[in-house]
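Please find the sequence and the predicted model below.
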Amino acid sequence: MITINPKKLFGSWFEGYALDLHTLSSEFLGYDAYGHADFATKRSELGELLYKLKNKSDKSVINDIVDIVVNFIKLEWKISGNIEGIVPIPPSKTVRVLQPVIELAKGISSAIGIELYLDCLIKVKETPELKNIYNFHERMEVLKDIYDVNDNALLGKKILLFDDLYRSGATLNSATNVLYKKGKVDRAYVLTLTKTRSLI
């Protein structure tokens, strides 16, 4: 089992965590033959597993990541008895054949024995890539009215909102607000696998 360093996350949710930093360091090396910036990046152990899943479509790491998440939820956070369902953040890149957040949410749902709500939180408008928007308030404006709740399946439930990477919290705050307002959830917990070193 790999070592994680959970970080508490603060937002409009009841309680939240990122399990570790995504990258530990990144050193600019110059430009490659195609003019692309080249970096020597050192990732956390969990960050490396997530990188393999997202960037290399390496499905062999899914069970390892699910085990890490389930152990944290059950043994450290101790909320497995409090949550009635898991809601993954809808994917931003819908063209991806492998949707990491969805695949991991399926594994977590199965391992803990809680309901998986795939189509309750839906993305209703397209947005530009948020990694290029650094101001939190600008990000929140872009994310305004991006999500909706599809039905009343979450009414009165305590749910775990799940994502892979926490950058500024704008996406999770936007989703949480909709889940409280339109989904009428009783309580929203938030969990991300990793977070950036700085909040942007």
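Thanks, I have the structure now.

Now do the SS call for the spatially most central residue of the chain.
Centroid-nearest residue in the chain, with CA atoms, centre = their mean: residue 163, separated by 1.3 Å. For residue 163, the assignment made with DSSP: H, G, I helix; E, B strand; the rest coil gives strand.

Tell me who's in contact with the closest residue in space to it that isn't next to it in sequence.
Closest residue in space to residue 163, ignoring its immediate chain neighbours: residue 89 at 4.2 Å, by CB to CB, 6 or more residues apart in numbering. From N, CA and C alone the C-beta is placed, and that goes for glycine too. Shown in contact with residue 89 (CB atoms under 8 Å, 6 or more residues apart in numbering): 101, 121, 161-163, 171-172, 175.

For the residue nearest to the centre of the chain, list the residues it contacts.
So residue 163 contacts 88-89, 101, 171-172, 190-193 (CB under 8 Å, 6+ apart).

Save these as CSV, and put in pLDDT, distance to residue 1 and secondary structure too.
Listed next are the contacts of residue 163 as CSV, based on pLDDT from 0 to 100; distance: CB to CB, whole Å; DSSP: H, G, I helix; E, B strand; the rest coil:
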residue, pLDDT, distance to residue 1, secondary structure
88, 97, 23, strand
89, 95, 26, coil
101, 96, 22, helix
171, 88, 29, helix
172, 94, 26, helix
190, 98, 23, strand
191, 98, 18, strand
192, 98, 19, strand
193, 98, 15, strand
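
Closest to residue 50 out of these?
residue 193 (5.4 Å; CB to CB).

The closest one: neighbour count?
If you count neighbours by other CB atoms under 10 Å, residue 193 ends up with 27.

Just give the nearest non-adjacent residue to it, would you?
Using CB to CB, 6+ apart, the nearest residue to residue 193 is residue 164, at 5.0 Å.

Next up, the contacts around that neighbour.
Taking CB under 8 Å, 6+ apart as the test, what residue 164 contacts is 50, 54, 100-101, 104, 192-194.

what two of those are the furthest from one another?
Among the contacts of residue 164, the pair separated by the greatest distance (CB to CB) is 54 and 192, at 13.1 Å.

Could you check which of the two has the larger neighbour count?
residue 192 (26 against 18).

just checking, that one touches residue 11?
No - taking contacts as CB atoms under 8 Å, residue 192 lies outside contact range of residue 11: 11.0 Å.

which residues do those two both contact?
residue 172.

next SSE after the lowest-mean-pLDDT helix or strand in the chain?
Scoring the helices and strands of the chain by mean pLDDT, DSSP states H and E places helix 136-143 at the bottom, with a mean of 70. Sequence order places strand 147-149 as the next helix or strand after helix 136-143, per DSSP states H and E.

So what's the gap between that following strand and the chain middle?
In terms of CA atoms, centre = their mean, to the nearest Å, the centre of strand 147-149 is found 17 Å from the chain centre.

and that strand, what does it pack onto?
Identification of packing neighbours for strand 147-149 by 3 or more CB pairs under 8 Å, 6 or more residues apart in numbering; DSSP states H and E yields strand 121-123, helix 170-181.
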